[in-house]
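Undergrad: here is the input, now give the coordinates:
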Amino acid sequence: MRIWDVDPGYLDRKRLLAEHQELHGLYNVVVLGKKGFANHPETMRWRPNLSALVARHACLVHEMILRGYRHQSPLDRVESPPVWPDGYIDLPFQQFLLLEGKYAGKDVGRIPLPGNTQTLWAQNKYSVMARQPNRVRLIGQAVAEGSIDFKALAAELVLVLRQIPREGHLVNALDHMWGYVSQWDKRPAKPSLLLALIGKLALANQITYLIHSTALGELARFLENQPSDNAVNTL
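TA: Numbers count the residues shown, from 1 in each chain. Modelled structure (predicted):
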């Protein structure tokens, strides 16, 4: 059993679907008091953080929808803002190394594993912009100067992406993303429709910078109460 802390966009199909299944199992252990895996390190880590487990589930759901799956196994919603675990089984940078070992010679996730801080930052830039736009310039400068290493950046990004974005910051990030695809369609007013159209146009026109952005998947959970889609696969 493993619940990853890095963005689900980095997970290949096998690990994305496996985490979704294992998260449901962990949730049942915590909520229903089932015995299986009751003392597993992941269970112990998430037991006091059920709201965050539900939030992680939402991240997985929207990533699956982005890849063409129809999700039909919702969790009961937890109203309180997510309170995330204090620690990790493996640190974020170690999780990337684990995935690298598992992907050797195989298909990777929607987002390629980052080989350096520049790539890691480019993949997460719009997710940070949606939450802390003032940090975008500072982190970008640190990456350019080499004053932040991969380990530190990976840890900071996980923490930032756990924050709930303010609406104005989120829309600002979407506006920046829209600039890459605006030539192919009219801009919808509703943010959830805007993000969906950005994803559709990015995939149709192979805008790699957007396709490899964490924001394309993870921001969707903040834009509507229940994910909706016209995907074809059912989980």
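Undergrad: pull the residues that contact the host helix or strand of Met64.
TA: According to DSSP states H and E, Met64 maps onto helix 50-66. In this structure, residues lying in contact with helix 50-66 by CB atoms under 8 Å, 6 or more residues apart in numbering are 3, 7-9, 11, 16-17, 19-20, 23-24, 26-27, 30-31, 46, 71, 75-78, 80-85, 110, 162, 199, 216-218, 220-221, 227, 229, 231, 235. Using the backbone N, CA and C atoms, a C-beta is placed for each residue, glycine as well.
Undergrad: tell me how far Ala38 lies from Glu22.
TA: Shown here: Ala38 relative to Glu22, a distance of 14 Å by CB to CB, to the nearest Å.
Undergrad: for the two, work out which one has more neighbours and name it.
TA: Ranked by neighbour count (other CB atoms under 10 Å), Ala38 and Glu22 place Glu22 first, with 16 against 13.
Undergrad: what's the local residue count around Asp114?
TA: Wrong residue type there; residue 114 is Pro, not Asp. With other CB under 10 Å as criterion, Pro114 counts 21.
Undergrad: now do the same contact list for it.
TA: Shown in contact with Pro114 (CB under 8 Å, 6+ apart): Phe96, Leu120, Gln123, Phe150.
Undergrad: switch the cut-off to 6 Å
TA: Neighbouring residues of Pro114 by CB atoms under 6 Å, 6 or more residues apart in numbering: Leu120.
Undergrad: what helix or strand is it located in?
TA: Counting by DSSP H and E, Pro114 is part of no helix or strand.
Undergrad: go ahead and confirm His169 touches Met129.
TA: No. Counting by CB atoms under 6 Å, His169 sits too far from Met129 to count as a contact (7.1 Å).
Undergrad: looking at these two, which is more packed in?
TA: For His169 versus Met129, neighbours defined as other CB under 10 Å are more numerous around Met129 (22 against 16).
Undergrad: appreciated, that's everything.
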